[in-house]
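> Sequence and predicted structure, then a few things I'm wondering about:
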Amino acid sequence: MRKIALITGASAGIGTATAEILAENGYNLIVTGRRKGLLDKLKSELGVKFKSDVLVLNFDIRDRAQTEAAIDSLPKSWKNVDVLINNAGLAAGLAPIQEGSADDWDQMIDTNIRGLLYITRKVAPLMVKRGYGHIVNITSIAAKEVYENGNVYCATKHAVDALTRGMRIDLVKHGVKVTSIAPGMVNTEFSLVRFKGDKARADKVYEGLAPLSADDVAEAVWFALSRPAHVNINDMLLMPTAQANITTTVRKQNLSQTETS
Ligand code: NAP
């Protein structure tokens, strides 16, 4: 029988790539997000390519009532969720604390922390009931370090790091694994969202270096999920080779400028 994975934020980036690798490895999927069109497209692609059954749940994870209703709406056979990938998240803005937008802060806190909690609160009991499951939280290098103007985004990811460790303690006695996958810079819609559609500014983030791809992160997720029953990957930090830590990157044009100037 095919396993079932629920992936939040599957309409783009790391979530879409994770849906693809899990479908390729025989999973049926519950995919969530606000952009229904993208989720429907993913459903038909994965159905054709991998014969996966895909169920689309279209809701805003910041809305507790919508999130609870979405999980309650699952048909009985879809409630046997083996894997929960807590991936939906974002950075909004990049500003010093004294100038930050409270709306941006609310959006990050509500999505990255509250949303993750709402869905986990609904799905974890289904796993506890079966004495089996695996929760993968997509944290970040920003869960381990902080950077200039990244204050609230880093705080939300630090919170998810703490939640990951806390969940693991609470769930260990129920046979549920909990993993954190913490990527450095990944080329997805992340920067476009952070800079509110300013593509030129978003592209600059990745200029002159090879960032991780969403597929690189999905492969790390799959590595964690495919370990034997007695092995848990607690925490995996993966970085682009050109990024030593959250603030130290090496970019080709900087090098050539240095070389020529
Ligand atoms: P992305 O391409 O922008 O994808 C973000 C996903 O989150 C989308 O599918 C989006 O779906 C969903 N989402 C955002 N707000 C939502 C909401 N209110 N309700 C439901 N779904 C929501 O970014 P990504 O890079 O793949 O990000 C995925 C995760 O990786 C995030 O948690 C991010 O913090 C983390 N991460 C990213 C990087 C990076 O450099 N890219 C590095 C480390 C960690 P809809 O817009 O359709 O709702």
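That came in fine, so what should we check first? Being a predicted model, the structure only gives us computed values, none of them experimental.
> Stretch 222-239: end-to-end distance?
Stretch 222-239 has an end-to-end distance of 17 Å (Cα to Cα, to the nearest Å).
> does the ligand sit close to that stretch?
No - residues of stretch 222-239 contacting the ligand under Cβ under 6 Å from any ligand atom: none, with a closest distance of 9.4 Å. (Glycine included, C-beta is placed from N, CA and C.)
> ok, now stretch 61-76?
Yes - using Cβ under 6 Å from any ligand atom, stretch 61-76 reaches the ligand at I61, R62.
> For that stretch, list every residue counted as buried.
Of the residues in stretch 61-76, I61, R62, R64, T67, A70, I71, L74 count as buried by neighbour count, 16 or more other Cβ atoms under 10 Å.
> now that stretch, how far from the centre of its chain.
With Cα atoms, centre = their mean, to the nearest Å as the basis, stretch 61-76 stands 19 Å off its chain's centre.
> which residue ranges form the helices in the stretch 151-261 of the chain?
151-171, 190-194, 199-205, 214-225, 252-260 (DSSP state H, counting those that start in this stretch).
> try the stretch 1-150 of the chain
Secondary structure of the stretch 1-150 of the chain (DSSP H, counting those that start in this stretch): helices located at 13-24, 36-50, 64-72, 102-108, 116-130.
> if you compare those, which one is most tucked away?
Of all these, helix 13-24 has the most neighbours on average by mean count of other Cβ atoms under 10 Å, namely a mean of 24.
> List the contacts of that helix.
Helix 13-24 is contacted from outside by 5, 7-10, 29, 31, 33, 38, 42, 46, 49-50, 52, 54, 83, 85, 87-88, 138, 183, 186, 188-190, 213-215, 217-219, 221-222, 225, using Cβ atoms under 8 Å, 6 or more residues apart in numbering.
> Quick one: closest of the helices of the stretch 1-150 of the chain to Y147.
Minimum separation from Y147 across the helices of the stretch 1-150 of the chain (Cβ to Cβ) falls at helix 102-108, 14.6 Å.
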